[in-house]
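Asker: Structure for the following, please:
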Amino acid sequence: MKKEILVFITCLLLISSCNRIISNPNPGNYPYEPDTPVPAAHDGIFASDHGTMTFSGDGESVIINFDAKLARLTGLPEGEHKGTYVFLSGNLPPNGSFPVRYDIAHEMQIEAGGKSVVIDMGIASEDGKTGQVGVNTVTPGRIPMLFDEDERFFDVIFYMSEG
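Answerer: Numbering: from 1, shown residues only. As a prediction, the model looks like this:
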């Protein structure tokens, strides 16, 4: 009888610890990439044909300055606005999206001008039929936003400015 109780308690502990791992993944470096340091936060001005994003290097603060087209696409306000950002995993059941390092991000959440939006990170194919998301889409010098409009993919890519 004591043996059955011990086995039962052990099973409960295992189930409890597995559930804790599934429901509370390690934010910031998940999924874990062995032997790779978390990259430094973006710092400086990143420019595209439709605006700029200026990062302070703290991994949280951003100043966006989007033209009318990018404002419409993202749902953020046009012009210059201070805000915050976080890179996200993409929808991973059962947790949904959660914060991750940018080199494995599938999404970026920006809060600015009283609005909060989640934007896909990716690169569109030349013909617009597909979009690529995933590991190393966002790099230290590139932040690509991927959009799907009228069943056609296109991107707006922000590159680090040289000065």
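Asker: So what's the residue count around Ser89?
Answerer: Counted with other Cβ atoms under 10 Å, the burial measure for Ser89 works out to 20 neighbours. Where you see a C-beta, it was placed from the backbone N, CA and C, and this is true even at glycine.
Asker: and it, backbone torsions?
Answerer: According to degrees, to the nearest 10, the main-chain angles of Ser89 amount to phi -70, psi -30.
Asker: Please enumerate the strands of the chain.
Answerer: If you assign secondary structure with DSSP state E, the strands in the chain sit at 43-48, 51-56, 61-66, 79-88, 107-112, 115-120, 123-124, 131-132, 142-149, 152-160.
Asker: Make TSV from those strands and add mean pLDDT, distance to Pro94 and mean neighbour count to it.
Answerer: Below are the strands of the chain laid out as TSV (pLDDT from 0 to 100; distance: least, Cβ to Cβ, whole Å; neighbours: other Cβ atoms under 10 Å):
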stretch	mean pLDDT	distance to Pro94	mean neighbour count
strand 43-48	98	33	16
strand 51-56	98	32	19
strand 61-66	98	30	19
strand 79-88	97	16	18
strand 107-112	97	17	20
strand 115-120	97	18	16
strand 123-124	94	28	19
strand 131-132	86	25	17
strand 142-149	95	25	18
strand 152-160	96	28	17
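Asker: closest to Asp35 out of these?
Answerer: Of all the strands of the chain, strand 79-88 sits nearest to Asp35, with 20.6 Å by Cβ to Cβ.
Asker: Just the angle for that closest one relative to strand 61-66, thanks.
Answerer: Relative orientation of strand 79-88 and strand 61-66, computed by axes from the mean of the first three to the mean of the last three Cα atoms, to 10 degrees: 120 degrees.
Asker: mind exporting strand 79-88 as PDB, just the C-alpha atoms?
Answerer: Provided in PDB are the C-alpha atoms of strand 79-88 (Å, rounded to 0.1, in the frame of the first residue of the first chain):
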ATOM      1  CA  GLY A  79       4.200  60.600 -37.600                       C
ATOM      2  CA  GLU A  80       6.600  60.500 -34.700                       C
ATOM      3  CA  HIS A  81       5.600  58.700 -31.400                       C
ATOM      4  CA  LYS A  82       7.500  57.400 -28.400                       C
ATOM      5  CA  GLY A  83       6.600  53.800 -27.500                       C
ATOM      6  CA  THR A  84       7.800  50.400 -26.400                       C
ATOM      7  CA  TYR A  85       8.400  47.200 -28.200                       C
ATOM      8  CA  VAL A  86       8.900  43.500 -27.600                       C
ATOM      9  CA  PHE A  87       9.700  40.600 -30.000                       C
ATOM     10  CA  LEU A  88       7.400  37.700 -29.800                       C
END
